[in-house]
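**Student:** Sharing a sequence plus its predicted fold:
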Amino acid sequence: RPSPEEALQWRDSLEKLLQNPYGLASFHSFLRSEFSEENAEFWVACEDYKKTKSPVKMAEKAKKIYEEFIQTEAPKEVNIDHFTKAVTMKNLVEPSPSSFDMAQKRIFALMEKDSLPRFVRSEFYQELIK
């Protein structure tokens, strides 16, 4: 469990929140309660994808991420604009570590602007900073 001081830093930094295993788990639970956990799950999948070294594994993961989060009617479709979706699809012709960067940045910005402020106001977060 993080110290209240550590948890307080999350108000101003989604990055710090997502990099802390407890913070990520707390945020994910909160998003699940709002039925919007696909954003955090997509972000985590992208982080994992970027660490993949094998081109074969990378292609497999890219396909899985695309089918789970990007394609229209995907089971956990994330909310990205058509341009970002098109760029991502083009990037997947030859998967590279940066294939999902644009989409991941859009989702990060969405969570930062939208989900983080609600999380910070939640009872769950308020308990962490006591």
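**Tutor:** Structure received.
**Student:** Distance from the chain centre to the host helix or strand of residue 103, please.
**Tutor:** With elements delineated by DSSP states H and E, residue 103 resides in helix 101-110, which encompasses its position. Its chain's C-alpha centre and that of helix 101-110 lie 8 Å apart, by Cα atoms, centre = their mean, to the nearest Å.
**Student:** try stretch 63-80
**Tutor:** When distances are taken as Cα atoms, centre = their mean, stretch 63-80 is centred 13 Å away from the chain's centroid.
**Student:** The most centrally placed residue in the chain and residue 115, how far apart?
**Tutor:** Most central residue of the chain, judged by C-alpha distance to the mean C-alpha position with Cα atoms, centre = their mean, is residue 43 at 2.3 Å. Counting by Cβ to Cβ, to the nearest Å, the separation of residue 43 from residue 115 is 11 Å. Quick note: C-beta positions are derived from backbone N, CA and C, even for glycine.
**Student:** and if you look at residue 48?
**Tutor:** Applying Cβ to Cβ, one obtains 20 Å for the distance of residue 48 from residue 115.
**Student:** Could I get the buried residue list for stretch 46-63?
**Tutor:** Neighbour counts using 16 or more other Cβ atoms under 10 Å place 46, 49-50, 52, 58, 61-62 of stretch 46-63 among the buried residues.
**Student:** Now tabulate the residues you listed in JSON lines and tack on pLDDT and secondary structure.
**Tutor:** Written out in JSON lines, the entries for those read as follows (pLDDT from 0 to 100; DSSP: H, G, I helix; E, B strand; the rest coil):
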{"residue": "46", "pLDDT": "98", "secondary structure": "helix"}
{"residue": "49", "pLDDT": "98", "secondary structure": "helix"}
{"residue": "50", "pLDDT": "97", "secondary structure": "helix"}
{"residue": "52", "pLDDT": "97", "secondary structure": "coil"}
{"residue": "58", "pLDDT": "97", "secondary structure": "helix"}
{"residue": "61", "pLDDT": "98", "secondary structure": "helix"}
{"residue": "62", "pLDDT": "98", "secondary structure": "helix"}
